[in-house]
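Peer 1: sequence and predicted structure below; questions after.
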Amino acid sequence: MKILCAGSLNIDKVYQVPHFVQAGETLAAAGFAQAAGGKGLNQTVALARAGAGVRHAGAVGADGGLLRQTLRQAGVDDSLLAESSLPTGHAIIQVDPKGQNSIIVTAGANGALERDYLSAMLDGCEAGDILLLQNETNELPWLLQEGRRRGLTVAFNPSPITPELLDYPLDCVDILILNEIEGAALSGENDPARIPAALRARYPRARVMLTLGGDGCVYEDDTQTVRQGIFPVTAVDTTAAGDTFCGYFLAWLAQGEPVAQALRAASAAAALAVSRPGAAPSIPQREEVLDFLCSH
Ligand code: RIB
């Protein structure tokens with residue numbers, strides 16, 4: 001089973017701050033770094049480092065060299081990316097001393113994907129392959145429908161949540177991978193314990209994988225409910241923890257592992273990611289995750 005991730009690629013400009021900047025405040029950063037990110041790229045890198053066969057559909061501008069290099073180093077074919085006349089997407093990320101983040105994204109090339117290009121990338125998939133999507137590119141409603149029409153397993157991480165998302169054809173989704181804030185927004189249910197059932201009532205074909213912050217995560221489908229706790233670590237930077245979880249979870253499933261093992265591996269990978277700075281650079285290799293699991 002192959003995986004196509006169609007999603008954003010961003011240059012992340014990361015500022016270490018004593019606290020998130022307030023209205024009217026000018027704040028000196030304690031540190032600055034630039035690194036590869038974007039929810040799409042992060043999830044592709046997590047899939048690749050987890051050992052899954054993954055192609056990436058997305059666009060960068062002439063300034064996207066770092067992102068191409070990051071994909072190449074992860075073993076992903078960057079020649080399949082579209083070259084845009086727009087600048088590469090970027091994110092301004094504040095990281096506070098507790099490792100929490102606050103992110104502003106500007107789409108750039110991520111907002112100008114063309115259907116002909118996406119269609120050609122989808123032509124490389126076979127029925128049953130996984131199409132992984134997030135909400136940082138244009139053409140999302142079309143991609144959801146096209147994935148379904150072609151018999152792909154549509155996995156969707158509805159991040160970031162936007163008002164128009166509720167009007168998208170989410171009935172095309174086979175696997176929803178989301179956090180409790182996204183789950184509440186999509187289901188209208190604020191009690192985290194009730195979110196999976198509420199999502200499955202609204203989107204009956206979807207298997208639901210819901211992360212619950214410090215309470216771990218829960219997976220639900222027609223036949224099983226599986227829970228997994230977190231692996232406690234000291235948080236340095238939570239950026240891309242969700243992307244790491246998503247990539248590892250799908251990679252383990254695509255490799256035929258049971259859901260319980262996939263959740264355990266994904267939780268371990270996310271724990272390793274939050275203990276390191278940056279988005280894509282923080283995503284662990286498969287061997288690191290296996291070592292971590294052996295020692296926990
Ligand atoms: O999920 C983390 C990512 O969100 C960052 O890498 C940033 O680029 C934004 O897309």
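Peer 2: All right, it came through fine. Here the structure is a predicted model, which is why all the values come from computation and not from measurement.
Peer 1: what sits against the residue of the chain found nearest the ligand?
Peer 2: Closest residue of the chain to the ligand, Cβ to the nearest ligand atom: Gly37 (2.5 Å). Glycine gets a C-beta too; all of them are placed from N, C-alpha and C. The contact partners of Gly37, taken as Cβ atoms under 8 Å, 6 or more residues apart in numbering, are Asn10, Ile11, Asp12, Ala91, Ile93, Thr239, Ala240, Gly278, Ala279, Ala280.
Peer 1: grab the nearest non-local neighbour of the last one.
Peer 2: Yep, that's Ala280 we're talking about. Spatial nearest neighbour of Ala280, chain neighbours left out: Ala36 (4.1 Å); criterion: Cβ to Cβ, 6 or more residues apart in numbering.
Peer 1: quick check: which element contains that neighbour?
Peer 2: Following DSSP states H and E, one finds Ala36 within strand 31-37.
Peer 1: surely Thr234 meets Ser275?
Peer 2: Yes. Contact status for Thr234 versus Ser275: in contact at 6.3 Å, counting by Cβ atoms under 8 Å.
Peer 1: those two - which one has more neighbours?
Peer 2: Neighbours around Thr234 and Ser275, counted as other Cβ atoms under 10 Å, are more numerous at Ser275. The numbers are 18 against 8.
Peer 1: get me the contact residues on this structure for the ligand.
Peer 2: 8, 10, 12, 37-39, 42, 91, 103, 105, 136, 239-240, 243, 279 (Cβ under 6 Å from any ligand atom).
Peer 1: and those residues, which of them are in helices?
Peer 2: Counting by DSSP state H, the part of the residues of the chain next to the ligand found in helices is Lys39, Asn42, Asp243.
Peer 1: give the contact list for the second one.
Peer 2: Read that as Asn42. Residues near Asn42 by Cβ under 8 Å, 6+ apart: Ala240, Asp243, Thr244, Gly247, Ala279, Ala280, Ile283.
Peer 1: show me the two of the residues you listed that sit farthest apart.
Peer 2: Pairwise distances across the contacts of Asn42 (Cβ to Cβ) peak at 11.9 Å, for the pair Gly247 and Ala279.
Peer 1: between the two, which is the more surrounded one?
Peer 2: Gly247 (32 against 29).
Peer 1: tell me which element that one is part of?
Peer 2: Gly247 is located in helix 241-254, with elements delineated by DSSP H and E.
Peer 1: packing partners for that helix?
Peer 2: Contact here means 3 or more Cβ pairs under 8 Å, 6 or more residues apart in numbering; DSSP states H and E; on that basis helix 241-254 packs against strand 3-6, helix 39-49, strand 130-134, strand 153-157, strand 175-179, strand 207-211, helix 259-274.
Peer 1: for stretch 226-244, buried residues please.
Peer 2: Residues 226, 228, 230-231, 233, 235-244 are the ones in stretch 226-244 that count as buried (16 or more other Cβ atoms under 10 Å).
Peer 1: and of the residues you listed, the nearest to Ala269?
Peer 2: Ala269 lies nearest to Thr244 out of the buried residues of stretch 226-244, by Cβ to Cβ, at 5.0 Å.
Peer 1: got a list of what the closest one touches?
Peer 2: Per Cβ under 8 Å, 6+ apart, neighbours of Thr244: Asn42, Ala46, Ala266, Ala269, Ala270, Leu272, Ala273, Ser282, Ile283, Pro284.
Peer 1: near Pro163, how many other residues are there?
Peer 2: Count around Pro163 with other Cβ under 10 Å applied: 7.
Peer 1: where does the chain dip in pLDDT?
Peer 2: Scanning the chain for pLDDT under 70 picks out no residues.
Peer 1: centroid-nearest residue for it?
Peer 2: Geometric centre of the chain, nearest residue: Asp243, 3.3 Å, by Cα atoms, centre = their mean.
Peer 1: you'd agree it is up against Ala36?
Peer 2: No. Taking contacts as Cβ under 8 Å, Asp243 lies outside contact range of Ala36: 11.6 Å.
Peer 1: identify the contacts common to these two.
Peer 2: Jointly contacting Asp243 and Ala36 under the rule Cβ under 8 Å, 6+ apart are Ala279.
Peer 1: how about Ile195, secondary structure?
Peer 2: Put simply, Ile195 is helix when judged by DSSP: H, G, I helix; E, B strand; the rest coil.
Peer 1: list the contacts for it?
Peer 2: Neighbouring residues of Ile195 by Cβ under 8 Å, 6+ apart: Glu180, Gly183, Ala184, Ser187, Glu189, Val208, Leu210.
Peer 1: please name the nearest non-neighbouring residue to it.
Peer 2: Of all residues not flanking Ile195 in the chain, Gly183 sits nearest, at 4.0 Å (Cβ to Cβ, 6+ apart).
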